[in-house]
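**Q** with the input below, show me the fold.
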Amino acid sequence: MAHTTLQFTQSKDVKFGTSGVRGLVSDLTDDVVYGFAYAFLTAVAGNPKAVVLGHDLRDSSPAIASACAKAAQDLGVSVNHVGALPTPAIAFYAGMLGLPAIVVTGSHIPFDRNGIKFYTASGEITKADEQAINNASVTLPAIMSTELPPINEAAYEAYCQRYVDCYAGCLEGRKVAIYQHSSVGRDLFADLFQRLGARVLPLGRTDQFIPIDTEAVSREDHERARAWANEYDFDVLFSTDGDADRPLIGDANGQWLRGDRLGVLCAKALGADAVVTPVSSNSVVSECGAFDRVERTKIGQSSPSDIDSAVKAARAAQKKWCKESDHARARILYAIARLLQKNSRLFSVLETLDNGKPIRESRDIDIPLAQRHFYYHAGMAQLMQAELPKRSPIGVCGQIIPWNFPLLMLSWKIAPAIAMGNAVVLKPAEYTSLTALLFAEICTSAGVPNGLINIVTGDGKVGEMIVGHKDINKIAFTGSTEVGKLIRER
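**A** Numbers count the residues shown, from 1 in each chain. All right, here's what the predicted structure looks like:
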């Protein structure tokens, strides 16, 4: 019997996130993985003659790759298996051959999770492609995994040669220390840097997978880098995340370089005169004086179709969410609270950058209070049946918040709504949208069901669309008295 990919994952913690499919290893069963791979190859890649398949070094990755290979085999698609390689190396090789690619990797997420990235011949899949995969029809066979083919070393060589052709001899006379940990690129980069003329010092290699996040370097890795600098003599310290698509660079003193500074150094090395940077980036690129022109991206204006899509997604998600147990809802709220805590420094900086309030106020008041609201309502979610036995969810809540306490206002609106079984469509103020957008990103990592929390951006016209939408059950508004009166009249 044929089912859609979404149907395979209804009871699983598996879904598309910011970069491919991600979920608990225990939920990435053969049927789920087979379904996603089959759907990609038929609905997006168009039954290609071959597919490039690779993976990272997580213990679970080869088995997941085997289910992907079986889906390709059943479709008559030849599997070009390149083994354990950096994600960019796999994507580069596939693009070079004009083939789609499937990469089994969880990047920097925890060890008990994993993921699958999909690439067409022209690059990583789009959101529209994700929808096509979710809605594709798949019939499962009796056997859904197979032995992986022998490894094709050509992808490894092609990736190394790409850099040798461009930068031959650039590391001559340099000593590069590589924090290898469990990065899939640890051996490739050691080999590549030697080909470029460097002496290589491998450090910190582990057999157990470690989820290194290059955008939030742990205290232990800061201490480890300084200790290595005291013990060894090197010019640069290099590392990556688990699938080796994000670099982490340190200096000779063991000081890891933040992404903002590294970006400036790279742009200068390339001789750039103009730089385009996200609106959420800090002022380093503007104030360093290295570039003639610096352009920042803008926050988008949501259209009526965007609002319709958000409300439709919220409605579909709420029907399932309200049937979840109190404990299941609480688990998601706890996960959000923990991720707010983990990323508190980034949220604090963004809040101050966007809103203008002192960093001390963002760091010591707003962000901690936002975390506490999600912790509190996680507890309330577990007590809903006991404390509020006669209450039931409303449905889809439209929420509009002002500029003065962006993340804190968001937590006041979203936490109680989802704790009680509702879904939300929230619009932050057009001047202070950054922490709301970052919040949307961490919701993916927290396991929030698709469509449950929707962040839409724009000015007052977008707020009017939310207030006037016929499929929204309740409006929660904080703002001016004049606008509040208008909303009440509607």
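**Q** secondary structure class of P202, three-state.
**A** Secondary structure, DSSP: H, G, I helix; E, B strand; the rest coil: P202 is strand.
**Q** who are the contact partners of it?
**A** Applying CB atoms under 8 Å, 6 or more residues apart in numbering, one finds that P202 lies in contact with 177-178, 180, 186, 190. Placement of C-beta: from N, CA and C, glycine included.
**Q** which one among these gets closest to I102?
**A** R186 (22.1 Å; CB to CB).
**Q** got a pLDDT number for the closest one?
**A** For R186, the model assigns a pLDDT of 94.
**Q** against I64, how distant is it?
**A** Distance of R186 to I64, computed by CB to CB, to the nearest Å: 21 Å.
**Q** so which of these two has more stuff around it?
**A** Using other CB atoms under 10 Å, the more surrounded residue of R186 and I64 is I64, with 28 against 23.
**Q** residue boundaries of the strands in the stretch 1-150 of the chain?
**A** 2-4, 14-16, 21-24, 50-55, 78-84, 101-104, 113-120, 123-124, 137-139 (DSSP state E, counting those that start in this stretch).
**Q** where does the protein dip in pLDDT?
**A** The chain contains residues with pLDDT under 70 at 1, 18, 279-282.
**Q** still on that earlier bit, just the ones of the contacts of P202 in helices?
**A** 186, 190 (DSSP state H).
**Q** between the contacts of P202, which is closest to G468?
**A** G468 lies nearest to R186 out of the contacts of P202, by CB to CB, at 55.3 Å.
**Q** dump the residue contacts of the nearest residue to the closest one once chain neighbours are set aside.
**A** Excluding the flanking residues, the one nearest R186 by CB to CB, 6 or more residues apart in numbering is Q180, at 3.7 Å. Q180 is in contact with 186, 190, 202-206, 239, counting by CB under 8 Å, 6+ apart.
**Q** filter those residues to the buried ones?
**A** Among those, those classed as buried by neighbour count (16 or more other CB atoms under 10 Å) are 186, 190, 203-204, 239.
**Q** need those in TSV with distance to S302, can you?
**A** Shown next, in TSV, are the buried ones among the contacts of Q180 (distance: CB to CB, whole Å):
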residue	distance to S302
R186	43
A190	47
L203	48
G204	45
S239	39
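**Q** farthest-apart pair in the residues you listed, please.
**A** Using CB to CB, the pair of those lying farthest apart is A190 and G204, separated by 12.6 Å.
**Q** adding distance to V33, write the contacts of Q180 out as CSV.
**A** Shown next, in CSV, are these (distance: CB to CB, whole Å):
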residue, distance to V33
R186, 26
A190, 31
P202, 33
L203, 34
G204, 31
R205, 29
T206, 26
S239, 29
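**Q** just give me the closest of these to A43.
**A** Ranked by distance to A43 (CB to CB), the contacts of Q180 are led by R186 at 35.2 Å.
**Q** contacting residues around that closest one?
**A** Contacts for R186 (CB under 8 Å, 6+ apart) come out as 178, 180, 202, 205.
**Q** let's go with 10 Å and repeat that
**A** With contact taken as CB atoms under 10 Å, 6 or more residues apart in numbering, R186 is in contact with 57, 84, 86, 178-180, 202, 204-206, 239-240, 244.
**Q** among those, find me the one that's closest to L196.
**A** Nearest to L196 out of the contacts of R186 is I178 (CB to CB; 12.8 Å).
**Q** can I assume I472 sits in a helix?
**A** No. I472 is assigned coil when assessed by three-state DSSP, not a helix.
**Q** so where does the closest residue in space to it that isn't next to it in sequence fall, helix or strand?
**A** Distances taken as CB to CB, 6+ apart put G398 closest to I472, at 4.2 Å, once the chain neighbours are dropped. Using DSSP states H and E, G398 maps to strand 396-400.
**Q** can you state the direction angle for the following helix or strand past that strand and strand 396-400?
**A** Later in the chain than strand 396-400, the nearest helix or strand by DSSP H and E is helix 406-419. Compare the direction of helix 406-419 with that of strand 396-400 by axes from the mean of the first three to the mean of the last three CA atoms, to 10 degrees and you get 170 degrees.
**Q** give me the buried positions along stretch 438-456.
**A** For stretch 438-456, burial by neighbour count (16+ other CB under 10 Å) applies to 438-439, 442-456.
**Q** could you pull out the helices in the stretch 51-200 of the chain for me?
**A** Ranges of helices in the stretch 51-200 of the chain, per DSSP state H, counting those that start in this stretch, are 61-74, 87-97, 127-135, 154-167, 186-195.
**Q** export those to a markdown table and tack on distance to I249?
**A** What follows is the helices of the stretch 51-200 of the chain, written out as a markdown table (distance: least, CB to CB, whole Å):
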| stretch | distance to I249 |
| --- | --- |
| helix 61-74 | 26 |
| helix 87-97 | 16 |
| helix 127-135 | 31 |
| helix 154-167 | 15 |
| helix 186-195 | 12 |
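**Q** for G356, which of those is the nearest?
**A** Across the helices of the stretch 51-200 of the chain, G356 has its closest neighbour in helix 127-135 (32.6 Å, CB to CB).
**Q** list the contacts of the closest one.
**A** If you take CB under 10 Å, 6+ apart as the criterion, helix 127-135 is touched by 4-9, 15-17, 20-21, 35-45, 118, 120, 125-126, 450.
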